[in-house]
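Peer 1: Would you be able to build a 3D model of this:
(one chain, ligands or ions: 1)
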Amino acid sequence: MANDIRADIEKRRTFAIISHPDAGKTTLTEKFLLYGGAIQLAGAVKGKAAARHAVSDWMEIEKQRGISVTSSVMQFNYNGYCINILDTPGHQDFSEDTYRTLMAADSAVMVIDASKGVEAQTRKLFKVCVMRHIPVFTFINKMDREARNPFDLMDEIENELGIHTYPMNWPIGSGKSFKGVYDRQNQEIVFFTSHGGAHKAESTEVQLGDPNLDEMIGQEAHQTLSDDIELLDGANYEFDVNEIEHGNLSPVFFGSALTNFGVEPFLKEFLRLTPPPLARETSDHEVVDPFNPHFSAFVFKIQANMNKAHRDRIAFMRICSGRFDKDMEVVHQQGNRKMRLSQPQQLMAQDRTVIQEAYAGDIIGVFDPGIFSIGDTVCDPAEHWRFTGIPTFAPEHFAHLRQLDTLKRKQFLKGTTQIAQEGAIQMFQDPGRGMEEIIVGVVGPLQFDVLKYRLNTEYNIEVRLDEMPQEYIRWITNETDPESPPSLYLTTDARLIQDFSGKYMIIYSHEWSLQMLKDRNPGLQLAEFGESKTL
Ligand code: G4P
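Peer 2: Numbers count the residues shown, from 1 in each chain. Modelled structure (predicted):
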């Protein structure tokens, strides 16, 4: 492979950013863009008056609810690196989307509010991160406000999330007296002068032994810092790159995304430690090296109607190896056909740029005429790779979905099917009743709201959703006839449903019903996971 391609791949860093809502994920992302020169003035994209949403929020419902529903992708350059940030929904109801996004990332940044510590969603999202075994970096944000004791915060992360931590830097003061951070490796103090959050903060580096330190940060802060350093050095924190790589140890940084204090030191150090594009495994256990000259990518997300100006469907792909050229021919492995990926583009929220080339590590969006599914592989015709699939989460909420205007049947089915293909919902039916009455399953109930809203705004369909009491699902693995439902002796809380490939499953409300269902139906084989591996 030409050296320039190797260099292009090596400089790529692709990571996801996760946090409990309001911890400052959006602000931090925006500040990364500011430091990368992708935007000139932070706040320009996220002003109070103009709805408080950064470049990465695009769907109306996100604006109304102030949450991120879908994940978006941003690319920018900084210090010789080419960075791809994958934003993730903060709400637990969309953790499946977060999981898919993490499949496309090589590491994750976890943002924590310094006054709140580990919050409910941090715990849930972190769990999803752990499933991927990728490095997790922690940014403790909002140090410009009254913060909790940093040692307590470190303990909490370790105890609540079950991960070891290593403080890479240490805050000097907090709240109004937050001055900057102490860089442990270089034993120097980086203190900042603010020019307002919209601009980069000016930083000054001073050695720990500098005689003017008292004057610069104040005697009290200096004393506290000296005490903290002594404690830190005596504490049981061990730096181990191998442990970071496997997601067992999280390097921790302190700062304030709002004032830009500590943002640049974090970005620099994070980029140094986070891995370049990682190798990927195929379902035949072949490991595809990112530097392999043959192009390959997999679909991790499909999104229709992202922008009303472009009523189309985009498949997001993570490039796993080689280089992508705009007019190259590829094979869609699952569809077993050669094709050219049309309108390849890089996205910056609503702005799309058609790209000529992209490299392993990059995320591209391509026009999807309805052929791709999540987890599909496309690659150079010389190869037969199929990357391991992306598991789906077992739905925990079910509802009957009915359209109110029966004349719009076709539109209704089209909309519901498309949203299901995106992986935003799962579609089932009452055996034998076909499309007459659809049952939808979701991981979190907010997904129902999104479904209703999207059917209305994108497909002009009014629907009624009647939630069902069932919370559990098991797939029937016995041989069954799609045309004739198996006759079963069900518990009162259970129902037999069918997916659109003809497979049967039982949904039920009480955990304890499972044993009863097995007892009542000798020979019945139930699996926790469907055909596509379910988590
Ligand atoms: P999220 O994406 O994780 O949900 O959080 P987001 O960045 O939207 O930040 C949530 C709120 O926290 C915002 O305030 C934001 O300005 C504030 N914030 C983010 N980082 C910091 C920080 O380092 N220090 C302080 N003090 N505040 C921070 P808001 O009032 O909800 O929005 P806005 O009116 O400022 O836009």
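
Peer 1: pull the CA atoms of the host helix or strand of residue 519 into CSV?
Peer 2: Assigned by DSSP states H and E, residue 519 falls within helix 513-520. Taking C-alpha atoms only, helix 513-520 is exported to CSV below (Å, rounded to 0.1, in the frame of the first residue of the first chain):
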residue,chain,number,x,y,z
SER,A,513,-44.5,-17.0,33.7
LEU,A,514,-41.6,-18.4,31.8
GLN,A,515,-41.3,-21.5,33.9
MET,A,516,-45.1,-21.9,33.9
LEU,A,517,-45.1,-21.7,30.1
LYS,A,518,-42.4,-24.4,29.9
ASP,A,519,-44.3,-26.6,32.4
ARG,A,520,-47.6,-26.3,30.6
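
Peer 1: Could you shift the numbering so residue one becomes 744, and keep it that way?
Peer 2: Taking 744 as the first residue, the last one we looked at is helix 1256-1263.

Peer 1: Now that helix: buried residues?
Peer 2: 1256, 1257, 1259, 1260 (16 or more other CB atoms under 10 Å). From N, CA and C alone the C-beta is placed, and that goes for glycine too.

Peer 1: Any stretches of the stretch 994-1143 of the chain with poor pLDDT?
Peer 2: For the stretch 994-1143 of the chain, the stretches with pLDDT under 70 are 1048-1054, 1090-1095.

Peer 1: For the closest residue to the ligand within it, which residues are in contact?
Peer 2: Relative to the ligand, the nearest point of the stretch 994-1143 of the chain is residue 1001 (3.3 Å; CB to the nearest ligand atom). Residue 1001 makes contact with 767, 770, 885, 887, 940, according to CB atoms under 8 Å, 6 or more residues apart in numbering.

Peer 1: could you dump these to CSV with distance to the ligand and pLDDT?
Peer 2: Listed next are the contacts of residue 1001 as CSV, based on distance: CB to the nearest ligand atom, whole Å; pLDDT from 0 to 100:
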residue, distance to the ligand, pLDDT
767, 3, 91
770, 3, 89
885, 4, 97
887, 5, 94
940, 8, 70
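
Peer 1: could you pull out the strands for the stretch 994-1143 of the chain?
Peer 2: With DSSP state E, counting those that start in this stretch as the criterion, the stretch 994-1143 of the chain has strands at 1023-1024, 1030-1031, 1039-1047, 1056-1064, 1066-1068, 1072-1075, 1080-1083, 1088-1091, 1094-1097, 1100-1102, 1106-1110, 1120-1122, 1140-1146.

Peer 1: Report the buried residues of the fifth one.
Peer 2: Residues of strand 1066-1068 classed as buried: 1066, 1067 (neighbour count, 16+ other CB under 10 Å).

Peer 1: Show me what that strand is packed against.
Peer 2: Secondary-structure packing of strand 1066-1068 (3 or more CB pairs under 8 Å, 6 or more residues apart in numbering; DSSP states H and E): strand 1100-1102.

Peer 1: next one: the first one
Peer 2: The helices and strands touching strand 1023-1024, judged by 3+ CB pairs under 8 Å, 6+ apart, are strand 1030-1031.

Peer 1: Which residues does the strand it packs on contact?
Peer 2: Residues external to strand 1030-1031 that are found in contact with it (CB under 8 Å, 6+ apart): 1022, 1023, 1024, 1025, 1039, 1063, 1064, 1128, 1130.

Peer 1: distance of the residue of the chain positioned farthest from its centre from residue 965?
Peer 2: Among residues of the chain, the one most distant from the C-alpha centroid is residue 954; the distance is 45.8 Å, by CA atoms, centre = their mean. Counting by CB to CB, to the nearest Å, the gap from residue 954 to residue 965 is 11 Å.

Peer 1: again with residue 760
Peer 2: Using CB to CB, residue 760 is found at 33 Å from residue 965.

Peer 1: higher neighbour count, the two?
Peer 2: Each of residue 760 and residue 965 has its neighbours counted (other CB atoms under 10 Å); residue 760 has more, 25 against 19.
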